[in-house]
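[1] Quick one, fold the following:
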Amino acid sequence: MMDYEKIKAGVQLLLEGIGEDVNREGLLETPDRIARMCREIYGGLYEDAAVHLKKQFSVERNDIVIEKDITFYSVCEHHLLPFYGKAHIGYLPNGRVVGLSKLARTVDVFARRPQIQEKMTAQIAQALEENLQPQGVIVMLEAEHTCMTMRGIKKPGSKTVTMVTTGVFQDNYELQNRFLSMVRQG
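    The predicted structure follows:
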């Protein structure tokens, strides 16, 4: 579990380390604010995506299911700066589907932790694969990384795109293109 006292002490040390006056009016409550914020933005560390993917429904047809444009916010584990964007998820059921909100909740579980986009994409795909046991999964994330836009190379507007495929999506470029076409539709 999170140790709020350590977080507050760490924030105070950081502020002192950059030369700030921690007794300045605007900073007096900052360590406490940051500790409370951590509960929200890192809460995925203490969640299991399987909990959200348990509620499933039988289907007669196994047509592709796509949930696109799922907004997410995460934190780069290398710089502790935000990256944010859209997740697009597709799967080919194997007789069972999950509630659509559960796909968005699965994205949030993995976004709400210090993370790299490449790993997050794979974790979402793996959670769907393990819990739904579909014929195949395809997950694509598009994100802007503030560690590239506000520091370092400073290239605002650049996006990183990652994709993971499993099962029937893995080598079926026609199915992958169908997914990408449906994601790109307005």
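[2] give the contact list for the spatially most central residue of the chain.
    The centroid of the chain falls nearest to Ala111 when counting by C-alpha atoms, centre = their mean (2.7 Å). Ala111 makes contact with 44, 72-74, 120 under the criterion C-beta atoms under 8 Å, 6 or more residues apart in numbering. Quick note: C-beta positions are derived from backbone N, CA and C, even for glycine.
[3] Now intersect those residues with the helices, please.
    Met120 (DSSP state H).
[4] Looking at the contacts of Ala111, which is nearest Cys147?
    Comparing those against Cys147 with C-beta to C-beta places Ser74 closest, at 11.4 Å.
[5] Isn't that closest one up against Pro82?
    Yes. When contacts are counted by C-beta atoms under 8 Å, Ser74 is listed as touching Pro82 (7.0 Å).
[6] In terms of secondary structure, what does the helix or strand of the chain with the lowest mean pLDDT contact?
    Of all helical and strand segments in the chain, the minimum by mean pLDDT, DSSP states H and E falls on helix 146-149, at a mean of 94. Counting contacts by 3 or more C-beta pairs under 8 Å, 6 or more residues apart in numbering; DSSP states H and E, helix 146-149 packs against strand 82-92.
[7] Buried residues in stretch 143-161, which are they?
    143-149 (16 or more other C-beta atoms under 10 Å).
[8] Repeat that for stretch 91-100.
    Using 16+ other C-beta under 10 Å as the test for burial, stretch 91-100 gives 91-93, 97-98.
[9] same check, this time on stretch 133-145
    For stretch 133-145, a neighbour-count test (16+ other C-beta under 10 Å) marks 134-145 as buried.
[10] from the residues you listed, which is closest to Leu28?
    When the buried residues of stretch 133-145 are ranked by distance to Leu28 (C-beta to C-beta), His145 comes first, at 31.5 Å.
[11] Just to check, the closest one is in contact with Val75?
    No. The pair His145 / Val75 is not scored as a contact, 10.3 Å apart, by C-beta under 8 Å.
[12] shared neighbours of the two, anything?
    Common neighbours of His145 and Val75 (C-beta under 8 Å, 6+ apart) are 81, 83.
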